[in-house]
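Chemist: this is a predicted model, with the sequence first.
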Amino acid sequence: MKACVIVFPASNCDRDMKVALESSLGSSVDMVWHRETDLSDYDLVAVPGGFSYGDYLRCGAMAARSPIMSEVVKHANQGGHVLGVCNGFQVLCESGLLPGVLMRNANLKFICKDVELKVERNDTVFTNGYEAGQIITYPVAHHDGNFFADAETLKRIEGQGQVAFRYVDNPNGSADDIAGIFNEAGNVLGLMPHPERLVEMPLGGLDGKPMFDSLIKSLAA
Amino acid sequence: MSEITPEIVKEHGLNEAEYKMVLDIMGREPNLNELGIFSVMWSEHCSYKSSKKWLKTLPTEAPWVICGPGENAGIIDVGDGDAVIFKMESHNHPSYIEPYQGAATGVGGIMRDVFTMGARPIANVNALRFGVPEHPKTRHLVHGVVEGIGGYGNCMGVPTVAGEVEFDTSYDGNILVNAMCVGLAKADNIFYCAAAGIGKPVVYVGSKTGRDGIHGATMASTEFTADTEEKRPTVQVGDPFTEKLLLEACLELMQTDAIVAIQDMGAAGLTSSSFEMASSGGVGIDMNLDMVPQREENMTPYEMMLSESQERMLMVLEPGKEDMARAIFEKWELDFAVIGEITDTGRMRLFHKGEMVGDLPIDPLAQASPEYDRPWVPTPKRAPIAAKDVAAPADMMDAIKTLVSTPNGCSKRWVWEQYDHMVMNDTVARPGGDAAVVRIHGTQKGLAVTSDVTPRYVFADPVEGGKQAVAETYRNITATGALPLAITDNMNFGNPERPEIMGQFVGACEGIRAACIALDYPVVSGNVSLYNETNGQGILPTPTIGGVGLIADVDKTIGMAFVAEGDAIVLIGSTTGHLGCSQYLAEILNRTDGPAPEVDLTLERQHGDFVRSEILAGNVNACHDLSDGGLGVALAEMAMVSGLGASVVDESNDVPLHGWLFGEDQARYVATTTDAEALLAAAKAAGVTAILIGEVQGQDLKIETAGTISVSKLKDAHEGWMPEFMAHPDFED
């Protein structure tokens, strides 16, 4: 099982993601610079949080057009696994790997705090470390986490069981309280909350750890 | 070149005597470029001409101090080859004029000060002071400043973990934005600004130079008047994206041996960075301004030398390393230009379009800046107030509720939830406690960071107030279990040309000095912001202290939240019921009289050492320092963050109950423990006053003889004010 973390200019949760993956994996995780063009080595590609390209134009819009992203799309289309967190989720939406967009938070403010999430399903490699319906805590830290999709798309997302996590107490105005979604095939997950921020007790909890443990266990099998 | 008229001299903020010094140093009339350079170099902001004499009296040494004041930031040794680099700096004037950009560039500037020395910033702290909530500009300023700080720090990926927010009418026309950055470096890979090596290339990296911020340093050195709005063009515009790239590029280059010297372009931009590098190294520089990357066309030498465009650095490189360095900066999509070389002339020579447009001697200009011994008068001592002569509240528990829900006493969650305080995954103690704790990545070590000052104390008694500011940071750090190691001081005062203001400055320095010596807690960096006045009305004297402490094992750090029902509550330190200058007096009785509490530094040290050793021994479950609002507020705060109540006995004895509950006597802590007997015995053995005052219990705060209030009711009041105030429907962003 090999994993890597994509680094765009002004990614800033890249190290956090690498550390979280490594602590579950027990071996080293590569950092891949956005100008590189080969992901054939990897089973799991993580697109981390941050402010790629300064969030200029629209969050994730410029990163979605950088050289590495066509490789990420290729990787996903070949069945490889992709995890996008926060800015990473925005990039995956902008690149078309996931439906919908992330708009400015309903209160127009940056929000950084722990939030409760409901795990919608646990029959996926990303979430099989949780119980379906389990309430877990992940931190959020974003200005643009307000998930939006048109009515038809929402209906499709809901109908196909693509919702991964829902906010218990919606902090940002997201449609249907959606905090994270899968693609149709289930090999791509994007979410605004940060599982990598709660993977050890000194940081306040372990609720993020099962995601990395289960991913690594499932993909290694 | 135009002739220099007295008007032009005056516009450059130089007085007659200072201009005479210019003529002496130059041996001729300066041209406009040269005059502009003198003007910024000798501004109060860059030269510390009013404050130098007193700053020199502050203790700056300890075995763990690697570098004290004078460089970009101070450096302390935290063991295992790790060094911590930190500083606090004000961005008051720009933030009042344009709150978002003013605050943002303040944060950006202080981070550059830290990473220019080779450190990765790992924690940001902000001390903010605004006018009263009723003032028509306050909401707008709070919105802008908080967004600006978040906008910059969040994008940089550096957690903003601690700070203060206070409201007072003295800041109505002159807010304070003090930004502190703490960075981590390797002690054997620190970078300084002293240029060396004749013929070595001087290199410019980062953003292009524009016309923004010209004369910012001069603006920061004058009082505000009604036409302040016209100064808007002197506020710089920040680009945190570029700064993030600059940070990564600099740190990458710092892993090589290419850099001889490096200096960020902060206040007074290219001028101060080049002069500081040349002056510290005792060399000269020839600079070709045609090579400076420019954002706008037809920029003049004057504009290029005085621009305060952000996100720029100046470096001296080892010859032959330029291409390697250029490749790193190009990878990060930043400008890189060789703009000059080191000379042995001791002079700064500026060339533009084939002509020499400036020729100045470096040392006389940089080192012989004016130094003033401004006249000062001590602040008169105030008459004491006995608690028995102060009216008791109608209801003690209502008074506690009021004190935790005023603009100054309420929760600042609305502020710090707009800051990413967790990024980098090392924030062990988040905002809202006594001090934040950030882990040193990959180790068990943690740094405790805080900022404190009680301006109303400093106003009443600059000496005691100066001591108190230092002592409160010491207590806040101690309450987490960490050992306070060093401070940075950000001295915000009014017009130093007024003797009573200068007296406040002198008194505060005396108090800070005494506290630093007694607590073995030196000053390693700092910043002075004077002329914080609007139309002749000065701010409360505000020497903000940023403190840094070290804990060897973050698993041993504790917070202020009550941990478990049944835990005993112990009050450490003596209570005389000092109500002078207290929050109780101000908020309940609407009075601001009386003396500041006296700070017994011997007790501060003794109590601090005792509390810390008990925390590290695992004998304390929760700990909170006593400050604004005294014991009553401290107990309420410990209850509110935990959701647990307490049952407290009345141990006021001969102190009136409201004096016992709301007195602001110093050197005190509340600690909870599973084993009260052992803690009290240890206190007795250490000669520390400590009494058992109750236990953690239920969901109500119950104080014998005072009354009962539910913790949830307190919490609603505490969390309510700030969001409600900021959501005011009349407000338009």
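Modeler: Here it is on my side, so go on. Residues are numbered from 1 along each chain as shown, chains lettered A, B, ... in the order given.

Chemist: going forward, measure contacts between C-alpha atoms and count neighbours the same way
Modeler: Fine.

Chemist: for the chain, give me the ranges with low pLDDT.
Modeler: In the absence of a named chain, chain A is used. Within chain A, no stretch has pLDDT under 70.

Chemist: nope, chain B please
Modeler: Scanning chain B with the threshold set as pLDDT under 70 gives B:1-2, B:215-234, B:729-733.

Chemist: which bits of it sit near chain A?
Modeler: B:150, B:155-157, B:240-241, B:244-245, B:332, B:416-429, B:554-555 (CA under 8 Å from any CA of the partner chain).

Chemist: in helices only, show me the residues you listed.
Modeler: In helices, defined here by DSSP state H, the members of the residues of chain B next to chain A are B:Gly150, B:Cys155, B:Met156, B:Pro240, B:Phe241, B:Lys244, B:Leu245, B:Trp416.

Chemist: my guess is the fifth one meets A:Gly54, correct?
Modeler: Right, B:Phe241. Yes: B:Phe241 is in contact with A:Gly54 according to CA atoms under 8 Å; the separation is 4.7 Å.

Chemist: what sits in contact with each of those two?
Modeler: Common neighbours of B:Phe241 and A:Gly54, using CA atoms under 8 Å, 6 or more residues apart in numbering or on different chains, are A:Ala10, B:Cys155.

Chemist: buried stuff in stretch A:87-101?
Modeler: By neighbour count with 16 or more other CA atoms under 10 Å in any protein chain shown, stretch A:87-101 contains the buried residues A:87-95, A:97-101.

Chemist: what about the strands in chain A?
Modeler: Secondary structure of chain A by DSSP state E: the strands cover A:3-7, A:30-33, A:44-47, A:81-85, A:101-103, A:111-119, A:135-142, A:146-148, A:163-167, A:178-182, A:188-191.

Chemist: got the ones you listed as a markdown table, with distance to chain B columns?
Modeler: Formatted as a markdown table, the strands of chain A follow (distance: least, CA to the nearest CA, whole Å):
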| stretch | distance to chain B |
| --- | --- |
| strand A:3-7 | 12 |
| strand A:30-33 | 10 |
| strand A:44-47 | 15 |
| strand A:81-85 | 13 |
| strand A:101-103 | 17 |
| strand A:111-119 | 5 |
| strand A:135-142 | 6 |
| strand A:146-148 | 16 |
| strand A:163-167 | 17 |
| strand A:178-182 | 18 |
| strand A:188-191 | 16 |
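
Chemist: B:Ile539 is nearest to which of those?
Modeler: Nearest to B:Ile539 among those is strand A:111-119; the distance by CA to CA comes to 32.1 Å.

Chemist: thinking again about what came up before, quick check: the two most widely separated of the buried residues of stretch A:87-101?
Modeler: The span of the buried residues of stretch A:87-101, defined through CA to CA, is set by A:Asn87 and A:Pro99 at 14.9 Å.

Chemist: contact partners for the closest residue to chain A within the stretch 101-250 of chain B?
Modeler: Per CA to the nearest CA, B:Phe241 is where the stretch 101-250 of chain B lies closest to chain A, at 4.7 Å. Counting by CA under 8 Å, 6+ apart, B:Phe241 touches A:Ala10, A:Phe51, A:Tyr53, A:Gly54, B:Cys155, B:Met156.
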